[in-house]
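Q: Predicted model follows, preceded by the sequence.
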Amino acid sequence: MAQKVKYSKAKLKVDLLDEIIGTRVYASSEVELTREVVERMLGNILIATPVQALIRSIKRKEWKIKTEDKALQERMKNIENFDEMVESILEAMFFGYTVNEVCFNDDYSIRELREIPREMLRFDYVNRNLKLTLYEEYDLEEPKFVTTYHRRNFKYYLGRSILFPLLVPFLEYEDLDNNIRKIQEKYGTTIPVFGYEKSLGDTPEGIASIKKQAEALSGLSAGKVLAIPLIPGSTLKDGFQYINLSDLDIDIHLKLRDKLEGKVIRHLLGSTLTMEMISGGSFALGEIHAKEKEKAEMEMTEFVKDELNKLLRIDNKFFGSDPKAEFIYSEKLNEVEQFKLNATIADLRTKTISVITNLQTIGYSLSKEAICEILEIKEEDLIDFEIPKEGGDDGGENNI
(Lines give C-alpha, C1' and ligand atoms only; values in the text may rest on other atoms or scores of the structure.)
Protein backbone atom coordinates (compact mmCIF):
# COMPACT_ATOMS: atom_id res chain seq x y z
CA MET A 1 0.00 0.00 0.00
CA ALA A 2 1.37 3.39 -0.95
CA GLN A 3 2.42 5.72 1.86
CA LYS A 4 0.11 8.66 2.44
CA VAL A 5 1.69 12.09 1.84
CA LYS A 6 0.70 14.90 4.22
CA TYR A 7 -0.94 17.80 2.40
CA SER A 8 0.70 20.68 4.29
CA LYS A 9 -0.84 24.06 5.13
CA ALA A 10 1.97 25.75 3.19
CA LYS A 11 0.89 23.87 0.05
CA LEU A 12 -2.70 24.88 0.72
CA LYS A 13 -1.70 28.53 0.83
CA VAL A 14 0.12 28.21 -2.48
CA ASP A 15 -2.94 26.56 -4.04
CA LEU A 16 -5.17 29.25 -2.57
CA LEU A 17 -3.08 31.99 -4.14
CA ASP A 18 -2.97 30.20 -7.48
CA GLU A 19 -6.64 29.24 -7.57
CA ILE A 20 -8.27 32.32 -6.07
CA ILE A 21 -6.04 35.39 -5.86
CA GLY A 22 -4.50 35.01 -9.30
CA THR A 23 -2.76 38.43 -9.19
CA ARG A 24 -2.37 39.69 -12.73
CA VAL A 25 1.11 40.45 -13.98
CA TYR A 26 1.06 43.71 -15.94
CA ALA A 27 3.35 44.75 -18.77
CA SER A 28 4.11 48.46 -18.99
CA SER A 29 3.18 48.45 -22.68
CA GLU A 30 -0.40 47.32 -22.04
CA VAL A 31 -1.43 49.77 -19.33
CA GLU A 32 -2.37 53.43 -19.58
CA LEU A 33 -1.96 56.07 -16.89
CA THR A 34 -5.35 57.77 -17.13
CA ARG A 35 -6.60 60.64 -14.97
CA GLU A 36 -8.75 58.19 -12.98
CA VAL A 37 -5.75 55.94 -12.26
CA VAL A 38 -3.63 58.95 -11.16
CA GLU A 39 -6.40 59.94 -8.75
CA ARG A 40 -6.41 56.41 -7.31
CA MET A 41 -2.63 56.47 -6.99
CA LEU A 42 -2.67 59.83 -5.21
CA GLY A 43 -5.33 58.41 -2.89
CA ASN A 44 -3.08 55.50 -1.90
CA ILE A 45 -1.30 56.31 1.35
CA LEU A 46 1.97 54.75 0.16
CA ILE A 47 2.13 57.28 -2.68
CA ALA A 48 0.21 60.18 -1.12
CA THR A 49 2.53 60.48 1.90
CA PRO A 50 5.78 61.28 0.01
CA VAL A 51 3.89 63.31 -2.62
CA GLN A 52 2.35 65.57 0.04
CA ALA A 53 5.74 65.89 1.75
CA LEU A 54 7.26 67.12 -1.53
CA ILE A 55 4.39 69.54 -2.17
CA ARG A 56 4.70 71.00 1.33
CA SER A 57 8.43 71.51 0.89
CA ILE A 58 7.90 73.38 -2.40
CA LYS A 59 5.11 75.54 -0.94
CA ARG A 60 7.47 76.56 1.87
CA LYS A 61 9.65 78.35 -0.68
CA GLU A 62 9.57 82.16 -0.64
CA TRP A 63 9.11 83.57 -4.13
CA LYS A 64 10.34 86.99 -5.28
CA ILE A 65 10.85 88.80 -8.57
CA LYS A 66 14.40 89.50 -9.72
CA THR A 67 13.96 92.93 -11.29
CA GLU A 68 14.39 96.64 -10.63
CA ASP A 69 10.80 97.20 -11.76
CA LYS A 70 9.10 98.06 -8.46
CA ALA A 71 5.64 98.30 -10.02
CA LEU A 72 5.98 94.77 -11.43
CA GLN A 73 7.03 93.45 -8.02
CA GLU A 74 4.01 95.08 -6.45
CA ARG A 75 1.59 93.64 -9.03
CA MET A 76 2.94 90.10 -8.57
CA LYS A 77 2.84 90.51 -4.80
CA ASN A 78 -0.89 91.32 -4.99
CA ILE A 79 -1.88 88.03 -6.66
CA GLU A 80 -4.41 86.58 -4.21
CA ASN A 81 -4.03 82.79 -4.34
CA PHE A 82 -0.31 82.35 -4.92
CA ASP A 83 0.10 79.18 -2.81
CA GLU A 84 -2.85 77.48 -4.51
CA MET A 85 -1.38 78.47 -7.86
CA VAL A 86 1.95 76.80 -6.98
CA GLU A 87 0.13 73.60 -5.96
CA SER A 88 -1.88 73.65 -9.20
CA ILE A 89 1.35 73.86 -11.21
CA LEU A 90 2.77 70.93 -9.24
CA GLU A 91 -0.30 68.84 -10.11
CA ALA A 92 0.83 68.92 -13.73
CA MET A 93 3.81 66.78 -12.71
CA PHE A 94 1.40 64.05 -11.60
CA PHE A 95 -1.44 64.42 -14.14
CA GLY A 96 0.76 65.54 -17.04
CA TYR A 97 -1.01 68.87 -17.48
CA THR A 98 -2.90 71.65 -15.70
CA VAL A 99 -4.91 74.57 -17.08
CA ASN A 100 -5.55 77.79 -15.14
CA GLU A 101 -7.82 80.68 -16.04
CA VAL A 102 -6.21 84.08 -15.47
CA CYS A 103 -8.53 86.51 -13.69
CA PHE A 104 -7.66 90.21 -14.11
CA ASN A 105 -8.34 93.39 -12.16
CA ASP A 106 -9.89 96.38 -13.92
CA ASP A 107 -6.41 97.68 -14.79
CA TYR A 108 -5.47 94.28 -16.32
CA SER A 109 -3.11 93.34 -13.52
CA ILE A 110 -3.43 89.68 -12.51
CA ARG A 111 -5.80 89.16 -9.57
CA GLU A 112 -5.73 85.36 -9.28
CA LEU A 113 -5.54 82.07 -11.21
CA ARG A 114 -8.38 79.53 -11.12
CA GLU A 115 -7.70 75.92 -12.02
CA ILE A 116 -9.96 74.43 -14.69
CA PRO A 117 -11.27 70.95 -13.73
CA ARG A 118 -9.80 68.32 -16.04
CA GLU A 119 -13.28 66.93 -16.62
CA MET A 120 -14.05 70.13 -18.54
CA LEU A 121 -11.07 69.75 -20.89
CA ARG A 122 -10.89 67.84 -24.18
CA PHE A 123 -7.86 67.13 -26.32
CA ASP A 124 -8.26 68.14 -29.97
CA TYR A 125 -6.39 65.45 -31.91
CA VAL A 126 -6.50 67.47 -35.14
CA ASN A 127 -4.92 70.64 -33.79
CA ARG A 128 -3.14 68.75 -30.98
CA ASN A 129 -4.14 71.05 -28.16
CA LEU A 130 -6.53 71.18 -25.23
CA LYS A 131 -9.92 72.87 -25.41
CA LEU A 132 -12.33 73.98 -22.71
CA THR A 133 -15.75 72.38 -23.17
CA LEU A 134 -18.73 74.23 -21.71
CA TYR A 135 -21.78 75.02 -23.83
CA GLU A 136 -19.28 75.25 -26.68
CA GLU A 137 -15.53 74.73 -27.08
CA TYR A 138 -12.98 77.42 -26.33
CA ASP A 139 -9.31 77.65 -27.23
CA LEU A 140 -6.97 77.88 -24.24
CA GLU A 141 -4.79 80.78 -25.29
CA GLU A 142 -2.76 83.28 -23.32
CA PRO A 143 -3.29 85.68 -21.71
CA LYS A 144 -6.73 84.39 -20.65
CA PHE A 145 -5.48 80.84 -19.93
CA VAL A 146 -2.17 79.36 -18.84
CA THR A 147 -1.57 75.71 -19.79
CA THR A 148 1.14 73.77 -18.00
CA TYR A 149 2.55 70.53 -19.45
CA HIS A 150 5.09 68.27 -17.81
CA ARG A 151 7.61 66.68 -20.20
CA ARG A 152 5.31 66.98 -23.16
CA ASN A 153 6.46 65.54 -26.49
CA PHE A 154 4.96 64.02 -29.64
CA LYS A 155 4.28 60.70 -27.88
CA TYR A 156 3.03 62.18 -24.61
CA TYR A 157 0.86 64.94 -26.06
CA LEU A 158 -0.86 65.49 -22.68
CA GLY A 159 2.42 65.51 -20.80
CA ARG A 160 4.14 62.69 -18.92
CA SER A 161 3.38 62.00 -15.28
CA ILE A 162 6.23 61.32 -12.89
CA LEU A 163 4.03 58.53 -11.51
CA PHE A 164 4.30 56.46 -14.70
CA PRO A 165 7.20 54.24 -13.46
CA LEU A 166 5.01 53.36 -10.44
CA LEU A 167 2.00 52.32 -12.52
CA VAL A 168 2.72 48.58 -12.83
CA PRO A 169 3.66 47.93 -9.16
CA PHE A 170 0.68 50.02 -8.08
CA LEU A 171 -1.79 48.05 -10.23
CA GLU A 172 -0.34 44.74 -8.99
CA TYR A 173 -0.65 45.90 -5.39
CA GLU A 174 -4.15 47.26 -6.00
CA ASP A 175 -5.28 44.01 -7.64
CA LEU A 176 -4.02 41.91 -4.75
CA ASP A 177 -5.59 44.29 -2.23
CA ASN A 178 -8.94 44.11 -4.03
CA ASN A 179 -8.79 40.33 -4.44
CA ILE A 180 -8.01 39.71 -0.78
CA ARG A 181 -10.94 41.95 0.10
CA LYS A 182 -13.16 39.88 -2.18
CA ILE A 183 -11.91 36.68 -0.52
CA GLN A 184 -12.76 38.13 2.88
CA GLU A 185 -16.27 38.96 1.67
CA LYS A 186 -16.71 35.50 0.16
CA TYR A 187 -15.06 33.26 2.77
CA GLY A 188 -14.59 35.42 5.86
CA THR A 189 -11.23 36.00 7.55
CA THR A 190 -10.79 32.26 8.18
CA ILE A 191 -11.30 29.85 5.28
CA PRO A 192 -12.37 26.24 5.98
CA VAL A 193 -10.59 23.95 3.49
CA PHE A 194 -11.33 20.29 2.73
CA GLY A 195 -9.75 18.00 0.21
CA TYR A 196 -11.39 15.73 -2.33
CA GLU A 197 -10.14 13.15 -4.75
CA LYS A 198 -9.30 14.85 -8.02
CA SER A 199 -11.18 12.20 -10.01
CA LEU A 200 -14.46 13.26 -8.36
CA GLY A 201 -14.34 16.53 -10.25
CA ASP A 202 -14.53 14.70 -13.58
CA THR A 203 -18.12 13.40 -13.26
CA PRO A 204 -21.47 15.01 -12.39
CA GLU A 205 -21.95 12.48 -9.60
CA GLY A 206 -18.54 13.33 -8.14
CA ILE A 207 -19.21 17.10 -8.30
CA ALA A 208 -22.54 16.54 -6.53
CA SER A 209 -20.69 14.61 -3.82
CA ILE A 210 -18.21 17.47 -3.34
CA LYS A 211 -21.04 20.03 -3.05
CA LYS A 212 -22.82 17.84 -0.51
CA GLN A 213 -19.68 17.64 1.62
CA ALA A 214 -19.19 21.42 1.37
CA GLU A 215 -22.77 22.05 2.49
CA ALA A 216 -22.25 19.80 5.48
CA LEU A 217 -19.17 21.83 6.51
CA SER A 218 -20.59 25.29 5.71
CA GLY A 219 -22.00 25.69 9.19
CA LEU A 220 -18.45 25.92 10.54
CA SER A 221 -17.81 29.26 8.79
CA ALA A 222 -19.59 32.56 8.33
CA GLY A 223 -18.52 32.46 4.69
CA LYS A 224 -18.13 29.68 2.17
CA VAL A 225 -16.02 26.54 2.22
CA LEU A 226 -13.08 25.97 -0.09
CA ALA A 227 -12.57 22.57 -1.70
CA ILE A 228 -9.14 21.74 -3.12
CA PRO A 229 -8.26 18.62 -5.14
CA LEU A 230 -5.69 16.43 -3.44
CA ILE A 231 -2.48 15.46 -5.12
CA PRO A 232 -2.19 11.71 -5.76
CA GLY A 233 -1.44 9.76 -2.58
CA SER A 234 -2.01 12.73 -0.24
CA THR A 235 -4.53 13.42 2.51
CA LEU A 236 -5.68 16.27 4.68
CA LYS A 237 -5.22 15.86 8.42
CA ASP A 238 -8.60 14.59 9.56
CA GLY A 239 -9.87 15.62 6.10
CA PHE A 240 -10.16 19.29 7.11
CA GLN A 241 -8.05 22.43 7.80
CA TYR A 242 -8.39 26.17 8.28
CA ILE A 243 -6.45 28.88 6.41
CA ASN A 244 -6.19 32.35 7.98
CA LEU A 245 -5.99 35.29 5.59
CA SER A 246 -3.50 36.90 7.97
CA ASP A 247 -1.05 34.20 6.83
CA LEU A 248 -1.48 35.39 3.25
CA ASP A 249 -0.92 39.00 4.30
CA ILE A 250 2.48 38.12 5.77
CA ASP A 251 3.59 36.04 2.83
CA ILE A 252 2.33 38.06 -0.12
CA HIS A 253 0.48 41.23 0.71
CA LEU A 254 3.12 42.94 2.82
CA LYS A 255 5.89 42.00 0.42
CA LEU A 256 4.06 43.61 -2.50
CA ARG A 257 3.35 46.62 -0.29
CA ASP A 258 7.03 47.00 0.54
CA LYS A 259 7.95 46.55 -3.11
CA LEU A 260 5.63 49.41 -4.08
CA GLU A 261 6.73 51.57 -1.16
CA GLY A 262 10.38 51.09 -2.03
CA LYS A 263 9.78 52.12 -5.64
CA VAL A 264 7.77 55.15 -4.54
CA ILE A 265 10.52 56.39 -2.24
CA ARG A 266 13.29 55.76 -4.76
CA HIS A 267 11.44 57.34 -7.66
CA LEU A 268 9.71 60.31 -6.04
CA LEU A 269 12.41 61.23 -3.56
CA GLY A 270 15.34 60.11 -5.68
CA SER A 271 16.73 58.26 -2.68
CA THR A 272 18.92 55.24 -2.12
CA LEU A 273 17.33 52.96 0.44
CA THR A 274 18.74 50.50 2.89
CA MET A 275 16.32 47.56 3.10
CA GLU A 276 16.57 45.57 6.28
CA MET A 277 14.85 42.31 7.17
CA ILE A 278 12.94 42.46 10.43
CA SER A 279 10.83 39.99 12.37
CA GLY A 280 7.63 38.84 10.69
CA GLY A 281 9.15 38.80 7.22
CA SER A 282 8.38 42.42 6.35
CA PHE A 283 10.81 45.09 5.18
CA ALA A 284 11.65 48.40 6.85
CA LEU A 285 12.81 51.51 5.05
CA GLY A 286 16.29 52.60 6.00
CA GLU A 287 18.08 55.90 5.78
CA ILE A 288 17.12 58.33 3.00
CA HIS A 289 20.00 60.39 1.68
CA ALA A 290 19.14 64.06 2.15
CA LYS A 291 21.13 65.24 -0.84
CA GLU A 292 19.17 63.01 -3.23
CA LYS A 293 15.91 64.27 -1.75
CA GLU A 294 17.07 67.84 -2.30
CA LYS A 295 17.68 67.05 -5.98
CA ALA A 296 14.09 65.86 -6.36
CA GLU A 297 12.81 69.01 -4.65
CA MET A 298 15.07 71.17 -6.83
CA GLU A 299 13.68 69.62 -10.02
CA MET A 300 10.11 70.30 -8.91
CA THR A 301 10.93 73.84 -7.78
CA GLU A 302 12.60 74.70 -11.10
CA PHE A 303 9.53 73.38 -12.90
CA VAL A 304 7.30 75.69 -10.84
CA LYS A 305 9.68 78.61 -11.46
CA ASP A 306 9.50 78.17 -15.25
CA GLU A 307 5.70 78.14 -15.15
CA LEU A 308 5.47 81.17 -12.84
CA ASN A 309 7.58 83.12 -15.31
CA LYS A 310 4.65 82.84 -17.74
CA LEU A 311 2.82 85.32 -15.48
CA LEU A 312 5.62 87.83 -16.05
CA ARG A 313 5.20 87.34 -19.78
CA ILE A 314 1.49 88.13 -19.48
CA ASP A 315 2.21 91.19 -17.35
CA ASN A 316 4.68 92.41 -19.97
CA LYS A 317 1.98 92.31 -22.66
CA PHE A 318 -0.19 94.77 -20.74
CA PHE A 319 2.36 96.95 -18.93
CA GLY A 320 5.57 96.63 -20.94
CA SER A 321 7.32 95.53 -17.74
CA ASP A 322 10.89 94.31 -17.48
CA PRO A 323 11.27 91.51 -20.10
CA LYS A 324 14.28 90.11 -18.24
CA ALA A 325 12.44 89.76 -14.92
CA GLU A 326 12.20 86.26 -13.46
CA PHE A 327 10.99 84.54 -10.34
CA ILE A 328 13.59 83.47 -7.78
CA TYR A 329 13.05 81.47 -4.62
CA SER A 330 14.54 80.88 -1.20
CA GLU A 331 13.65 78.92 1.89
CA LYS A 332 11.05 80.50 4.15
CA LEU A 333 12.30 81.25 7.65
CA ASN A 334 10.72 79.69 10.71
CA GLU A 335 9.26 81.90 13.44
CA VAL A 336 12.50 82.18 15.44
CA GLU A 337 14.58 82.96 12.34
CA GLN A 338 12.00 85.50 11.13
CA PHE A 339 11.96 87.21 14.55
CA LYS A 340 15.76 87.56 14.53
CA LEU A 341 15.72 88.91 10.97
CA ASN A 342 13.00 91.48 11.81
CA ALA A 343 14.99 92.60 14.85
CA THR A 344 18.10 93.04 12.71
CA ILE A 345 16.19 95.02 10.07
CA ALA A 346 14.61 97.24 12.74
CA ASP A 347 18.02 97.93 14.30
CA LEU A 348 19.54 98.76 10.92
CA ARG A 349 16.65 101.11 10.08
CA THR A 350 17.03 102.90 13.42
CA LYS A 351 20.75 103.46 12.77
CA THR A 352 20.00 104.67 9.21
CA ILE A 353 17.47 107.24 10.51
CA SER A 354 20.07 108.43 13.01
CA VAL A 355 22.60 108.98 10.20
CA ILE A 356 20.04 110.95 8.13
CA THR A 357 19.18 113.11 11.16
CA ASN A 358 22.85 113.80 11.88
CA LEU A 359 23.35 114.95 8.28
CA GLN A 360 20.76 117.66 8.86
CA THR A 361 22.59 118.93 11.94
CA ILE A 362 25.70 119.67 9.83
CA GLY A 363 23.78 121.42 7.09
CA TYR A 364 22.91 118.63 4.65
CA SER A 365 19.51 117.26 3.71
CA LEU A 366 18.12 114.45 1.53
CA SER A 367 15.13 114.54 -0.77
CA LYS A 368 11.95 112.72 0.22
CA GLU A 369 12.48 110.27 -2.63
CA ALA A 370 16.02 109.47 -1.49
CA ILE A 371 14.92 108.89 2.11
CA CYS A 372 12.14 106.51 0.97
CA GLU A 373 14.57 104.55 -1.18
CA ILE A 374 17.12 104.23 1.64
CA LEU A 375 14.49 103.13 4.18
CA GLU A 376 12.64 100.99 1.61
CA ILE A 377 9.26 102.50 2.39
CA LYS A 378 6.49 103.99 0.27
CA GLU A 379 6.58 107.73 -0.32
CA GLU A 380 2.98 108.17 0.88
CA ASP A 381 3.98 106.62 4.23
CA LEU A 382 6.53 109.42 4.86
CA ILE A 383 4.68 112.38 6.42
CA ASP A 384 6.01 115.95 6.60
CA PHE A 385 5.56 117.82 9.87
CA GLU A 386 6.83 121.06 11.44
CA ILE A 387 9.16 121.09 14.45
CA PRO A 388 9.10 124.46 16.35
CA LYS A 389 12.54 126.01 16.93
CA GLU A 390 13.77 126.86 20.41
CA GLY A 391 12.47 130.24 21.51
CA GLY A 392 9.02 129.66 19.96
CA ASP A 393 9.88 130.50 16.35
CA ASP A 394 8.34 128.34 13.70
CA GLY A 395 11.08 126.44 12.06
CA GLY A 396 12.34 124.18 9.38
CA GLU A 397 10.82 121.21 7.84
CA ASN A 398 11.81 117.73 8.96
CA ASN A 399 11.30 114.83 6.64
CA ILE A 400 11.68 112.12 9.26
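A: Yes, it's here.
Q: Domain-wise, how is the chain divided?
A: 5-24+169-255, 335-398 (automatic domain parsing).
Q: Quick one: mean pLDDT over the longest one.
A: Put plainly, it is domain 5-24+169-255. The average pLDDT within domain 5-24+169-255 is 66.
Q: How about stretch 371-380?
A: On average, stretch 371-380 scores 73.
Q: Tell me which residues of that stretch come out buried.
A: Ile371, Cys372, Leu375 (16 or more other Cβ atoms under 10 Å). Where you see a C-beta, it was placed from the backbone N, CA and C, and this is true even at glycine.
Q: Among those, name the ones in strands.
A: Applying DSSP state E to the buried residues of stretch 371-380, no entry is found in strands.
Q: give me the number of residues near the nearest residue to Leu311 once chain neighbours are set aside?
A: Using Cβ to Cβ, 6 or more residues apart in numbering and skipping the chain neighbours, the partner closest in space to Leu311 is Ile110 (6.1 Å). When neighbours are counted by other Cβ atoms under 10 Å, Ile110 registers 22.
Q: What helices and strands are in contact with the strand or helix carrying Ala208?
A: In the assignment (DSSP states H and E), Ala208 maps to helix 204-217. Packing contacts for helix 204-217, counted by 3 or more Cβ pairs under 8 Å, 6 or more residues apart in numbering; DSSP states H and E, involve strand 190-196, strand 226-229.
Q: Flag every buried residue along the first one.
A: It refers to strand 190-196. Going by 16+ other Cβ under 10 Å, strand 190-196 has these buried residues: Thr190, Ile191, Pro192, Val193, Phe194, Gly195, Tyr196.
Q: TSV please, covering the residues you listed and showing distance to Gln52.
A: As requested, these are arranged in TSV below (distance: Cβ to Cβ, whole Å):
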residue	distance to Gln52
Thr190	37
Ile191	37
Pro192	43
Val193	42
Phe194	48
Gly195	49
Tyr196	51
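Q: Of these, which is the nearest to Glu174?
A: Among the buried residues of strand 190-196, Ile191 lies closest to Glu174 (Cβ to Cβ), at 22.1 Å.
Q: hmm, back to that, which of the buried residues of stretch 371-380 fall in helices?
A: Among the buried residues of stretch 371-380, the ones falling in helices (DSSP state H) are Ile371, Cys372, Leu375.
Q: and the gap between the first one and Asn342?
A: Spelled out, it's Ile371. 21 Å (Cβ to Cβ, to the nearest Å).
Q: which residues touch Tyr138?
A: Lys131, Leu132 (Cβ atoms under 8 Å, 6 or more residues apart in numbering).
Q: Spell out which helix or strand contains it, please.
A: Going by DSSP H and E, Tyr138 is in strand 137-139.
Q: thought the residue nearest to Leu311 was touching Ile79?
A: Yes: contact criterion Cβ atoms under 8 Å: Ile110 and Ile79 qualify, at 5.5 Å.
Q: Between the two, which contacts overlap?
A: In contact with both Ile110 and Ile79: Leu311, using Cβ under 8 Å, 6+ apart.
Q: picking that back up, tell me the bridge partners for the residue nearest to Leu311.
A: According to DSSP bridges, the residues that bridge with Ile110 are Phe104.
Q: any idea where the strands of the stretch 51-200 of the chain begin and end?
A: Along the stretch 51-200 of the chain, counting by DSSP state E, counting those that start in this stretch, strands occupy 61-66, 97-104, 110-115, 121-124, 129-133, 137-139, 145-149, 190-196.
Q: can you list those in a markdown table and add distance to Ser354?
A: As requested, these are exported to a markdown table (distance: least, Cβ to Cβ, whole Å):
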| stretch | distance to Ser354 |
| --- | --- |
| strand 61-66 | 29 |
| strand 97-104 | 44 |
| strand 110-115 | 40 |
| strand 121-124 | 59 |
| strand 129-133 | 59 |
| strand 137-139 | 59 |
| strand 145-149 | 47 |
| strand 190-196 | 82 |
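Q: between those, which one is nearest to Lys155?
A: strand 145-149 (12.7 Å).
Q: So for that closest one, mean pLDDT?
A: On average, strand 145-149 scores 95.
Q: Can you list the strands that it pairs with?
A: strand 97-104 (antiparallel).
Q: in the partner strand, what's buried?
A: Tyr97, Thr98, Val99, Asn100, Val102.
Q: Arrange these in TSV, one row each, with pLDDT and distance to Glu302 as further columns.
A: Shown next, in TSV, are these (pLDDT from 0 to 100; distance: Cβ to Cβ, whole Å):
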residue	pLDDT	distance to Glu302
Tyr97	95	18
Thr98	95	16
Val99	95	21
Asn100	95	19
Val102	95	22
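Q: quick one: which of those residues is nearest to Asn358?
A: Val102 (49.5 Å).
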